[in-house]
Structures are given as C-alpha cells and as structure tokens.
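Asker: With the input below, show me the fold.
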Amino acid sequence: MNNSVNNQNGVYYMPTKSKKSYKPFEKKDTVFVLFTVIASFLMVDFAAFHGFRAGFTIAYFVLFAVTSAYLWKKESKSNVFSLICGALSLAGAVTFLLFDNELVNTIMLFLVFGLYGFYTLGISNTYRRARGSFRSLLDLFESVLIEPFSGVEEVFGSAKETSKKNRSFINSIIGVAIAVPFLAIIIPLLMKSDAAFESLIERVIKNIGVYLLELGIALAATPFLFSFLFSKKEASITKTTLSDKKLRFLAPTVSISFLCVIALTYAVYLLSQLAYFFSAFKGILPADYHYTASAFARRGFYEMFAVCVINVLIISAVGAVTKRESGRVSPVIKALSLFITMFSLLLIIIAMQKMKLNISIYGLSSNRVLVTAFMIMVLVTLAFFIVHIFVPKISYLQPIIIICSAFFIALSFANIDARCAEYNVEAYKSGKIEMLDTVTIRRSSDSAIPYLLELAKGDDETLANSARNQLVMYVKNTAELDFDKEGRVKADSKIYDFRRYNYSRITAMNGVCDYFDSLDENEKASVQKMLAMYNNYTYVDEEDCFYDYSNDKFEIRYYYNPKTGNYDKIKKNTW
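Answerer: I've put the predicted structure just below:
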C-alpha cells in the first residue's frame, strides 16, 4: 500500500509515525520506586505468605505511609471524607492483628483497600466525577482496576528516559554489584562473632528459595503498584472533572416504564401477604401450608435481603443515567423510586424480625450477626436515598460509606465469634435456648475457643465431655497444634513468628495447651481413647460420631458414652 502524499508543490514524501515521548522521572519518583518495591515485598512476604495476620497490618501501614508521602501535597484539596477513609482503613487493618474470623477478614480486606482507594483519590485530587454521588464509584473502579494496567507503559517509558539522562540509578546498581564480593567475606566473619546473627543468616539461607519467589512476585507487582501511584501524581495536574450530563443517556419515559413494572410486581407481592391476615385471601396459601417457627424464620430471608440490595442498585442506576428535564428529576420517577425504597424498608424490617425469631430458637452465630449488620447498613443506605429523592443536592454516598464502614469495623473490634459463643453459653444456662452446639463453637474461630474451655472445665458433665471432644478435634484440625506420644499438646514454633501473630489464635492455643496439661489421669485416658478412634476412622460428623465404612454390609457408627468414657458401636444395615 502506497502511503505517499502529494503536496501543493508536487513533492512526494512519506509520513512518519510520531514517536510517543515520556517524561523522565523526577528525583522523588526514583526514590519512591525503591520504596514501592519494599512495600510490595512486605505485602507478599508479611501478608500473603504468612496468613494475613499481624504481617498484613504491618505491611499495610508501610504501604499507607509510602502512598501518603508520595502523593501528599500542601496545595492538595483533600476533603474530610478522604482523610476519614484513610483513618478507617488503618483501623480496619489492625483487626487482622487481633481476630481471625475468615469471612470477616475477607470482607475487611476488600473494605480496607476500597477505603484506601478513596483515600488516594482524595489526597491526589484526582476525582473526575461528583464526589458525593453514586458515580464517584466509577472513579474508584477506574483508579484501582484500570489505571494500574493502562499506566504501566508510561512508567516503563519514563524509567527508560530517566536512565538515558541520569546515570545515577545505573551507577547505584554497579555499586551494589561491587559490594557483593566483599559481603561474601564479611558475613561469614560476622556469623562467627555472634550467635544471633549466625541464626538469622542460617534462617535466610534455609528459606532462600521462598524469599527469591517472594521477591520475584514483588518485582512483578511493583510496576502495577507504582503505576497506580504515578498515575495519581501526574493526573492531579492534567485531569479535569467530567460532566454528569454525558452519563445521562436514558429518556425519562424509559425509566418510568421500567420502574412501573418493578413497582407493580412489588404491589402484587404486598397484596399476596394479605393471605396471612384475612380469610378471604387464604386460598392463595398452599393446601398443606404448615411451617414451624424455625422454618418460618428461615424461609425467604436471604431472598428478601437480595431483593433489597437489587433495589438499591436499581434506584442508583436509574438516577445516574436518566436525563433530566430542565435540570430536574421527573416527579413520577421520584414517586416510583420512593415506593420501591419504602417497599425495601418493609422487606428489611420483616427480614430483621425473621432473624430475631431465628436467633431466639438457635442462638447467635457469626453469619446471623453479619447478615443483621448488613441489613442495618441497607437501612442506612435507604434512609439517605429517601432524603436524596426529595433533596437531590445533598450528597449521599460519602456519609453512607463512612457510617457503614465505621459500623462494620466497630463490629469486627467487638470480636463477633467470642460474643456469639458468650451469648449462646449464657442463653443455654438461663434456658433461653434449648440446645448448645459445641461443634459450632469449635468451628467458628479461635476467638470462641476460650468459651469451649470454660464448658470443658464446667460442672455439666455432658457438656464438659462434649467440649473436651471438640477441643481434641480442634487440636487435630489445627496445623499449628498436635498431640505428642504422651498425650500432651505441643504448638508449632511457627505460630510465634511475629508475621503470623494473631491475638485470638495465640490466646486459644496457649489455653488449649494448658488445659490438656491440667487433666487428671481418667480424663487423659478418655482423650487417648478419642485419639485412637480419630486415628482409625478419619470421618467424624457434627455429633462427635465416628464412621467406619470398612464393612460393605454395615455402616458402623461409634458414639461417645459419657458414663463409660468409651465409644459404643452401632451398626446400621446399608443394604
């Protein structure tokens, strides 16, 4: 294909593609590349490779400090919201040091980095959309998931230009290379002079393969992390705020029709509920309708919660993309949005009553507490939506994020599993609940183990035996604990690594070790019998029952008999 061009003078020339130019790093950029490598390595080694415990808390604080030092500017228009998000993210990171509920920590991990994203947007002044509306979530999405990847080329290009114009970085690498032979002589001498230093170096050499892997992962992640920071630093000068009008592409009539269908469906649902209150509508119910209190408490609960979340998304999306007439929202859209919001409020209230009934029957669990917490957050969100419907100028996203984040972090600091175990034990003793599930206490998290120890030491013989059996299961299912040949519990030294430190876990393990050491001879014999069963039959159900499937004709179960301290055999024909 001929790309030549004929100009007015009849001269032909070949157009050349302009080469993209990159701005060399400033001295500050070069220094913070090294700090970013350190932050990446700490996040990989301290957090990812050591269980997201104390190591994550330390690594995140370092990352937060590096980010703040690199992006902070005196002239930055950081608002209070961004600073609060930063403070909340630090508070959330501390919970990994204290508690070890996997579900809570997983949610907290996303929350911490979400708050971190809002903090970086604020201190770098790189919001492109209105900060108080639903649309600012798009800024967070672009900032965290798009810019780190799209900006990698810019980072490498700037690094290349820097290496051409500034030899200091290359000279630094040469200096490090020259120092290596000298270290080969100095380090052995220092090892011979001090036992502590010798132990440190031997540990490093022993795990050199792991450290090299971690360093490789950190170096691979550094360009993306630094691209995230570098794009904020550069964008603060060039980016301009996007107009909200570009996002409003949907005609009001489309939104009204859509909301009408949703609202009509909810109206029919409300009408069907009359079957519970008026005999004229009871024909709607199934002929064999009969639910126990517990079944009624569970039925439809999670579906109601899901509908409320969907409604929040619907109202937010419609408000964000619908065109406005003369700059105002259509009164019909306001009315329909209000109806859907009020319907959602009703569902949340019904769901909370169902949960209250469920808790009165079965007691507390971390899942029930978390779901209740999320329902409260939805109530907060709906309340702000109602205000926003009538007063659109009032920002709603920022207070929602602050209130809900602070509430969840405070809930985490309350130590959910410990509080649930404490409530259930006290409720069982007082007669509020009819049964106490020691299996649930054992399976929740290390925070609940002290209450299992309390039951094992208690006067209720049946509960004490059940709790002791669950403590045996806890030891056998915990990687850091095991029984030795003499029946004593020994802890793996790895749990005392400061990066793996977790207050709840250390407290639980130390308590378990002390408990088994304090048993008398008869109790130790009972533990030995259970260990023997555990070693022979690895499948154990939630009733402290061991299964043996070695016989094709019979399914053999061994149930613990607290009177004899033995496991009685029960055969069930499987033909």
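
Asker: Ala54 contacts Val94, doesn't it?
Answerer: No. Contact between Ala54 and Val94 fails when scored by Cβ atoms under 8 Å: they sit 9.7 Å apart. Placement of C-beta: from N, CA and C, glycine included.

Asker: So between these two, which is more surrounded?
Answerer: Per other Cβ atoms under 10 Å, whichever of Ala54 and Val94 has more neighbours is Ala54, with 22 against 17.

Asker: need the contact list for that one.
Answerer: Phe96, Leu97, Phe498, Arg499, Arg500, Tyr501, Asn502 (Cβ atoms under 8 Å, 6 or more residues apart in numbering).

Asker: Now do it against Ala65, distance only.
Answerer: According to Cβ to Cβ, to the nearest Å, Ala54 and Ala65 sit 17 Å apart.

Asker: Also Leu364?
Answerer: Relative to Ala65, and taking Cβ to Cβ, Leu364 is found at 38 Å.

Asker: and these two? which has more neighbours close in?
Answerer: The residue with the greater number of neighbours, taking Leu364 and Ala65 and applying other Cβ under 10 Å, is Leu364; the counts read 21 against 12.

Asker: That one contacts Cys420, doesn't it?
Answerer: Yes. Under the criterion of Cβ under 8 Å, Leu364 makes contact with Cys420 at 4.0 Å.

Asker: ok, residues contacting the helix or strand hosting Ile506?
Answerer: In this structure, Ile506 is located in helix 503-517 according to DSSP states H and E. Outside helix 503-517, the residues within contact range by Cβ under 8 Å, 6+ apart are 53, 97-100, 415, 418, 445-447, 449-450, 453, 456-457, 471, 474-475, 478, 480-481, 483, 487-491, 495-496, 524, 527.

Asker: Please identify the buried residues of that helix?
Answerer: Across helix 503-517, burial judged by 16 or more other Cβ atoms under 10 Å covers Tyr503, Ser504, Arg505, Ile506, Ala508, Met509, Gly511, Val512, Cys513, Tyr515, Phe516.

Asker: Distance check, the fourth one against Ile449.
Answerer: When you say that, I think you mean Ile506. 11 Å.

Asker: is it true that Lys569 lies in a strand?
Answerer: Yes. The secondary structure assignment for Lys569 places it in a strand, going by DSSP: H, G, I helix; E, B strand; the rest coil.

Asker: correct me, but it touches Met533?
Answerer: No. The criterion here is Cβ under 8 Å, and Lys569 misses it with Met533 at 10.7 Å.

Asker: neighbour count winner among those two?
Answerer: Set side by side, Lys569 and Met533 show more neighbours around Met533, with 18 against 12, by other Cβ under 10 Å.

Asker: tell me which residues in the helix or strand in which the more buried one is found are buried?
Answerer: Counting by DSSP H and E, the element that carries Met533 is helix 521-536. Neighbour counts using 16+ other Cβ under 10 Å place Glu523, Ser526, Val527, Met530, Met533, Tyr534 of helix 521-536 among the buried residues.

Asker: Output those in JSON lines; the columns should cover distance to Asp437.
Answerer: Conversion of those to JSON lines gives the following (distance: Cβ to Cβ, whole Å):
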{"residue": "Glu523", "distance to Asp437": "22"}
{"residue": "Ser526", "distance to Asp437": "21"}
{"residue": "Val527", "distance to Asp437": "21"}
{"residue": "Met530", "distance to Asp437": "19"}
{"residue": "Met533", "distance to Asp437": "21"}
{"residue": "Tyr534", "distance to Asp437": "20"}
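
Asker: ok, the residues you listed vs Leu115, which is closest?
Answerer: When the buried residues of helix 521-536 are ranked by distance to Leu115 (Cβ to Cβ), Tyr534 comes first, at 43.8 Å.

Asker: what about Lys490, which SS state?
Answerer: Per three-state DSSP, the local secondary structure of Lys490 is strand.

Asker: ranges for the helices of the stretch 101-250 of the chain?
Answerer: For the stretch 101-250 of the chain, helices defined by DSSP state H, counting those that start in this stretch occupy the ranges 102-123, 136-141, 147-150, 152-165, 168-193, 195-206, 208-238.

Asker: average pLDDT across the last one?
Answerer: Averaging pLDDT along helix 208-238 gives 80.

Asker: Any idea how far stretch 67-85 is from the middle of the chain?
Answerer: Centroid separation for stretch 67-85 versus its chain: 24 Å, with Cα atoms, centre = their mean, to the nearest Å.

Asker: So for that stretch, what gets flagged as buried?
Answerer: Residues of stretch 67-85 classed as buried: Thr67, Tyr70, Leu71, Ser78, Asn79, Phe81, Ser82, Ile84, Cys85 (neighbour count, 16+ other Cβ under 10 Å).

Asker: In TSV: those residues, plus pLDDT.
Answerer: Formatted as TSV, the buried residues of stretch 67-85 follow (pLDDT from 0 to 100):
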residue	pLDDT
Thr67	93
Tyr70	90
Leu71	88
Ser78	63
Asn79	77
Phe81	89
Ser82	89
Ile84	94
Cys85	94
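
Asker: any idea which of those is closest to Ala320?
Answerer: Minimum separation from Ala320 among the buried residues of stretch 67-85 (Cβ to Cβ) is found for Phe81, which lies at 19.2 Å.

Asker: could you give the mean pLDDT of the helix or strand harbouring Ile256?
Answerer: Under the assignment given by DSSP H and E, the secondary-structure element containing Ile256 is helix 252-272. Helix 252-272 shows a mean pLDDT of 87 in the predicted model.

Asker: cool, stretch 503-516 as well?
Answerer: Across stretch 503-516, the average pLDDT comes to 91.

Asker: Could you export the buried residues of helix 503-517 as JSON lines, including distance to Glu147?
Answerer: JSON lines is the format used below for the buried residues of helix 503-517 (distance: Cβ to Cβ, whole Å):
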{"residue": "Tyr503", "distance to Glu147": "37"}
{"residue": "Ser504", "distance to Glu147": "37"}
{"residue": "Arg505", "distance to Glu147": "37"}
{"residue": "Ile506", "distance to Glu147": "40"}
{"residue": "Ala508", "distance to Glu147": "42"}
{"residue": "Met509", "distance to Glu147": "43"}
{"residue": "Gly511", "distance to Glu147": "47"}
{"residue": "Val512", "distance to Glu147": "47"}
{"residue": "Cys513", "distance to Glu147": "49"}
{"residue": "Tyr515", "distance to Glu147": "52"}
{"residue": "Phe516", "distance to Glu147": "53"}
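
Asker: State the pair within those residues that is farthest apart.
Answerer: Using Cβ to Cβ, those reach their maximum pairwise distance at Tyr503 and Phe516, which is 21.2 Å.

Asker: quick one on the thing from earlier: which one of the helices of the stretch 101-250 of the chain lies closest to Lys27?
Answerer: Using Cβ to Cβ and comparing the helices of the stretch 101-250 of the chain, the one that lies nearest Lys27 is helix 168-193, at 9.0 Å.

Asker: sorry, back to before: what's the overlap in contacts for Lys569 and Met533?
Answerer: Joint contacts of Lys569 and Met533 (Cβ under 8 Å, 6+ apart) are Tyr558.

Asker: still on that earlier bit, just the buried ones out of the contacts of Ala54, please.
Answerer: With neighbours counted using 16+ other Cβ under 10 Å, the contacts of Ala54 contain these buried positions: Phe96, Leu97, Arg499, Arg500, Tyr501, Asn502.
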